[in-house]
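Peer 1: fold the following for me, if possible:
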Amino acid sequence: MARMGVEMRPEAVAPRPAATVVVLRDGSAGLEVYLQRRTRTMGYAAGLWVFPGGRIDPADQDPAVDLAWAGPSPQAWAQRLGLAVDQARGAVVAACRECLEEAGILLAEREPAADALAAARQELLAGRERLAGVLGRLGVRLDSSRLSYWAWWVTPEAEPRRYDTRFFVAGLPAGAAATLHHLEAERERWFPVTHTTPDPLRMLPPTFCTLRELSAFGSVAEVLAAADGRAVERILPVHVDDAVVLPSGERIPVPLRPPAAAETHGGSP
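Peer 2: Numbering: from 1, shown residues only. Next up is the predicted model:
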């Protein structure tokens, strides 16, 4: 019970660990990034443009995936992310799993046949297979060197649905093609980011800020070079009225929720 004259604030909801992949390619006019517009019936980020990503499931921490792992080890990622080894493994696996589920892109040593990859994607989406099993079925190894750590965003404490999200950048693998998952997204596009200011009312603040940062680079190689050794600190904005306030003091408007959105579906950050 609140004491007389003292306002008791509700306890903040614990943020769910999540991972997001900013997929990049070199376009004819410069750097491009892959975005999907979420359906308006989603409970989170409905109708907004997002990067592929989602919650880190407990199964993503399964060390069985280590048998099909190439690139920096989970131990190396633990040092880079400042996490325990199982948590770091979970972040990398979730990023790669969500990239395959939501965009049809597998970050592996080589690109499998398109039909085999499509079938493996469906196994993941249906929950019949984990990423380790998919990799074994395809005869490929996950290539964690394709990911580079870029940012760390946590949803403001006032929000009822919160995520603790690690942002990675990755170049589109040669021969790969992005295709959206229609249950969660209604549109997809490659967005030119070089010298372009994104619209903050069409995306959540972390997406907006990431695109604005990327606009300083002219190619995938430049982004990956900048990500190598990049100092990443947790960004925890404060929600004030119709905006979020970054630790720097900058205010970024929060997009309005489309009227058709429902609360019955989950989503990705």
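
Peer 1: what pairs with the residue nearest to Leu180 when sequence neighbours are not counted across the strands?
Peer 2: Closest residue to Leu180 apart from its sequence neighbours, by CB to CB, 6 or more residues apart in numbering: Glu188 at 4.3 Å. For every residue, glycine as well, the C-beta is placed using N, CA and C. Note on Glu188: beta-bridge partners Gln36, judged by DSSP bridges.

Peer 1: can you check the pLDDT for Glu188?
Peer 2: Note on Glu188: pLDDT of 90.

Peer 1: likewise Leu24?
Peer 2: Listed pLDDT for Leu24 reads 98.

Peer 1: distance of it from Gly54?
Peer 2: Leu24 sits 19 Å away from Gly54, going by CB to CB, to the nearest Å.

Peer 1: kindly report the same for Ala113.
Peer 2: Taken as CB to CB, the span from Ala113 to Gly54 is 26 Å.

Peer 1: which one of these two has more residues nearby?
Peer 2: More crowded of Ala113 and Gly54, by other CB atoms under 10 Å: Gly54, with 25 against 9.

Peer 1: isn't that one right up against Ala94?
Peer 2: Yes - Gly54 lies in contact with Ala94 (CB atoms under 8 Å); the separation is 6.9 Å.

Peer 1: so where do the strands sit in the stretch 1-150 of the chain?
Peer 2: In the stretch 1-150 of the chain, the strands defined using DSSP state E, counting those that start in this stretch lie at 16-27, 30-38, 49-50, 53-55, 69-70, 142-143, 148-154.

Peer 1: nearest residue to Ser144 other than its sequence neighbours?
Peer 2: That would be Gly71: by CB to CB, 6+ apart, it lies 3.6 Å from Ser144.

Peer 1: how about Arg234, what does it touch?
Peer 2: Counting by CB atoms under 8 Å, 6 or more residues apart in numbering, Arg234 touches Trp152, Trp153, Val154.

Peer 1: just the residues you listed now: which is nearest Val254?
Peer 2: Nearest to Val254, judged by CB to CB, of these is Trp153 at 13.8 Å.
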